[in-house]
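I need the structure of the sequence given here:
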Amino acid sequence: MSSGDDESKIPSPTTSFDEYQLSLQSAAVSAIKSSMGLPKDISYHRSLDRKFGKRLDACSDRILTLTSRLLDFAQSSSVAESGPHVARSGDKGKRRLENEEDVVDSFHSLVVDVMDQLLERSDACLDELMGRIKPPAIPIKPQPQPQTTSKSAKMKSRLDPALLHASHLPKPQHLFRPPVDNTNTAIPWQPVLTKKYHGRSLTEIQSGSHPYQDEITQLSPPAHYLSPPSSPSTPIAFEASPPLIHISHVSQLPSLLEALKQTTDFAVDLEHHTYRSFSGFVCLMQISTRTQDWIIECLDPEIRVELVQLNEVFTDPNIVKVFHGAESDIIWLQRDFSIYVVNYFDTHHATHVLNFPKHSLASLLEMYCDFIPDKRYQRADWRIRPLPEEMLLYARSDTHFLLYIYDHLRTALLAQRTPPPQPLQHSPIIEVLKRSSETALRNYVRETYDAADGSGPGGWGALVRKWNGSLDMGGVHGVVFKAIHAWRDAVAREEDESTRYVLPNLHILRLAERPPKDLPTLLSHFQPVPPIVRVRSLELLDVIKDAVKRAETQQPVPEVEMVSAVDVQTKDISLRLVGTVDRVASSGLWDRSISNNMATSSSLLGSMSATPMSGATYISHKSSLFGSMSITQVQDLSADKRYCDVMARIHSKLIIAPTPPIKIPDVASATVMDLDIVEEDSSAAAVAEIPFIPPAQRQSAIKADPDANDVIVVVGQRQKKRKRKEKGKEVAGSGASSESTPSKKLKDQNADAVKMEAIEPFDFDSAPNILDQPKPTAAPVKRKRQRGADAAVQYGNFGAPPRNMSEVKGGNQSHTFR
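Have a look, this model is predicted:
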């Protein structure tokens, strides 16, 4: 326990911190040693000595008071840094240590947590002192944000819908001079140039070419471009920089032009709007030098016409124009103001040459300036007038720090240059200049629409490739898709609206997949209905109906059967008959002495030599189609493997039924037109084919043939021939037999007569045919029903119970009672 004299000897931490730290550590060590020397049964000693108990209570109160004061000081300093609006976890309830119970119950929350926060703050301060944490070069005072819930914080990250799309604004492009031209024409666009600065005259420029092509390709970089800056200037905060100059009248342009002529470099950026215009237009232009920022009002019709005079500085090869990602800015400057750029440095190309992991302007601002822009305003509607303060700050930040970033990137590019033996054209900074020049050579071309093949940036071909061919472009859906897409392009040009404002791409796909047939079905595809579609819905419905009708009336494309090359050649064989026959044998068609008339050339086998053919051939020497023909021997193709394969394929596809041979009469005295073919009797040459007759067309009975042989065939019995006796003999025989045994013979005779009358000739037509009978099916097997007393009653599909093997056999059963 230290006294008042000991406290006076404690050094001051402000004057001698090292001595104060040593005394603090020694005091802490002595206090810990003293506490460890106290006995465990201190309550027992306290009950024995009253003075010891009073001194112990006084020391405990002093320690608790000092601890509470330290905790209050640490908590108050934390609240002062975090702000009074930050609520801490220990603000509720008791914040002091008053007795032993508080130490036991709240030691972790009141002491340990506060010590952890103090240690974390100490680490952060040491890192800042050692240079591990770099303070921001531009002090930005953050505005205190009120405590918000998770839902309100999520909504805060979104931009106000009124800033995203101001639907109530009139179209400023209606006041532009010359008027906006959205016609779909292939006439090349011409810039409005009254004078060409720093180059050849306008009369030497060909129509449709870049006016400054030679100046850009033959550019030699200025000396200050290839030399590193002595010391990159520190970026100036918005509060310390001169006030922003807002050019809203054409009379302010000459002062801007004079200020830019006095500089060696300046930064440029544009703000563009495309949602409520077909081609889009520039709304704002930001220009910054190292000391001043300008914002030009590009929606003013008079300013838009006079901005062409900025070509005097934009085409000056001695002034470096700094852009970031100017692929679109170069085109917009040409289209809206006829401004061309010569000798510009693109920081986006520099990040690629330096192999930076990120290439956006926001990443460069955060890396070099510790400034984080609010990129939500990038998608804002820049037609809003007057512009809110936040949008002006965002537009100004795009060029305010760009020259400072340009100096750092130029220094990094020059540092990567190898020693002088390497040519200058291979250095990284020349590579950036080369890429920037290629971007500056871009020339604005009017966008045209090709409805046939869908080419171009606004054609339907890009959407088909994006959807990966999910739509069948050859059927009804494809015709409807092309018709709707062409209608949207025509309406967007007429109304001067963007195509996505007239009809989004997703709705085109839905309408093409399910073409509506009436107006309610058409409007049901949209939620909500686009304004242009609501006004011109009947026109869109007529376009869809005409496309469906046109697609349905088209002739369907026949399906092509996939065949092999050999089959195609076989079907295309064209034979040219060149020979005739000098004689035909009178014995018939199948005379082996007749020669066969064959082709001497074909598309499959080519020309064939007239060599004798082995074997017999059969041809006719005259025909009603070809007339008289001379004999020509043809090549024997039976040994040609390819020919045999082709003929085997043809014969395998043919089904030939047996037919009787045909007799060809002698045509020696007959003319070509009088040649008749007479069919011979089929029974004389070959057995005729028995055709299949359905049962309904068959005759049910066979008529008796008087010339048939008197023989009866008994079907189903032992076959034996029985001859009918003549009537005279039958009567005589019966009389003779009646004399011997009249009763027995009469009985046998009557029985035979009954049998003969019962036997009828077999009718083959009425008999069942194997072709008429259906496929026999297996007859269901009937289970023999179990009888007797032991038969079990079965329910459903359950089987019979097992047999009781302990039951006595039948031999031991008693049959006393029946």
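
Would you indicate which residues of the helix or strand Leu257 falls within are buried?
According to DSSP states H and E, Leu257 maps onto helix 253-261. Neighbour counts using 16 or more other Cβ atoms under 10 Å place Leu253, Leu256, Ala259, Leu260 of helix 253-261 among the buried residues. C-beta: built from backbone N, CA, C; applies to glycine.

Buried residues, the helix or strand that that helix is followed by. List them.
Sequence-wise, the next helix or strand downstream of helix 253-261 (DSSP H and E) is strand 265-273. Using 16+ other Cβ under 10 Å as the test for burial, strand 265-273 gives Asp265, Phe266, Ala267, Val268, Asp269, Leu270, Glu271, His272, His273.

Direction included, what does strand 265-273 pair up with?
Sheet pairing of strand 265-273 (DSSP bridges) gives strand 281-288 (antiparallel), strand 320-323 (parallel).

And the contacts of it?
Contacts to strand 265-273, defined as Cβ atoms under 8 Å, 6 or more residues apart in numbering, come from residues 260, 280-289, 313, 319-324, 328-329, 332-333, 345, 381-383, 395, 398-399, 402-403, 406.

again with stretch 346-361
322-326, 363-364, 373, 398, 402, 405-406, 409-410, 412-413, 416, 428, 431-432, 435-436, 439.

for the stretch 451-600 of the chain, which spans come out with low pLDDT?
Low-confidence segments of the stretch 451-600 of the chain (pLDDT under 70): 468-472, 555-600.

quick one: the helices in it?
Assigned by DSSP state H, counting those that start in this stretch, the helices in the stretch 451-600 of the chain fall at 460-466, 476-495, 499-502, 505-513, 519-523, 531-535, 537-553, 565-571.

right, and the helix or strand after the longest helix along the chain?
Counting residues, the longest helix found in the chain (DSSP state H) is helix 50-82. The helix or strand immediately downstream of helix 50-82 is helix 100-107, counting by DSSP H and E.

quick one: average pLDDT of that following helix?
Helix 100-107 carries an average pLDDT of 76.

For it, buried residues please.
Neighbour-count burial for helix 100-107, counted by 16+ other Cβ under 10 Å, picks out Asp102, Val103, Ser106.

Kindly export it (C-alpha atoms) in PDB.
Extracted in PDB, the C-alpha atoms of helix 100-107 (Å, rounded to 0.1, in the frame of the first residue of the first chain):
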ATOM      1  CA  GLU A 100     -17.000  -8.600  -4.000                       C
ATOM      2  CA  GLU A 101     -20.100  -9.800  -5.800                       C
ATOM      3  CA  ASP A 102     -19.600  -7.300  -8.600                       C
ATOM      4  CA  VAL A 103     -16.100  -8.500  -9.100                       C
ATOM      5  CA  VAL A 104     -17.200 -12.200  -9.300                       C
ATOM      6  CA  ASP A 105     -20.300 -11.700 -11.400                       C
ATOM      7  CA  SER A 106     -19.300  -8.800 -13.800                       C
ATOM      8  CA  PHE A 107     -15.500  -9.100 -14.100                       C
END
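
And the next helix or strand past it?
Following helix 100-107 in sequence, per DSSP H and E, is helix 113-130.

Tell me which other helices or strands that next one touches.
Judged by 3 or more Cβ pairs under 8 Å, 6 or more residues apart in numbering; DSSP states H and E, helix 113-130 is in contact with helix 50-82.

Quick check: mean pLDDT of the helix it packs on?
Helix 50-82 shows a mean pLDDT of 77.

do the same with stretch 410-424
Per-residue scores along stretch 410-424 average to 76.

next one: stretch 266-276
On average, stretch 266-276 scores 96.

Tell me where the model's unsure across this protein.
Using pLDDT under 70, the chain drops low at 1-8, 77-96, 131-157, 200-206, 232-233, 418-425, 468-472, 555-639, 653-799, 807-818.

which residues in it form strands?
245-247, 265-273, 281-288, 293-297, 320-323, 344-346, 601-602, 606-607, 662-663, 678-679 (DSSP state E).

and Arg534, which of these is closest to it?
strand 265-273 (23.1 Å; Cβ to Cβ).

still on that earlier bit, just list what the longest helix of the chain packs against, helices and strands only.
Counting by 3+ Cβ pairs under 8 Å, 6+ apart, helix 50-82 packs on helix 42-48, helix 113-130.

what would those helices look like in JSON lines with distance to Glu390?
Listed next are the helices and strands packed on helix 50-82 as JSON lines, based on distance: least, Cβ to Cβ, whole Å:
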{"stretch": "helix 42-48", "distance to Glu390": "67"}
{"stretch": "helix 113-130", "distance to Glu390": "31"}
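
burial measure for Glu215, as a count.
20 (other Cβ atoms under 10 Å).

quick one: contacts for the closest residue to it other than its chain neighbours?
Nearest non-adjacent residue to Glu215, counting by Cβ to Cβ, 6 or more residues apart in numbering: Gly199, 4.8 Å away. Residues near Gly199 by Cβ under 8 Å, 6+ apart: Pro211, Tyr212, Asp214, Glu215, Thr315.

out of those residues, which is most surrounded?
Tyr212 leads these on contacts (other Cβ under 10 Å) with 24 neighbours.

Could you check how far that one is from Val305?
21 Å (Cβ to Cβ, to the nearest Å).

With Asp214 instead?
27 Å.

likewise His348?
31 Å.

So which of the two has more stuff around it?
The neighbour comparison of His348 against Val305 (other Cβ under 10 Å) goes to His348, with 20 against 15.
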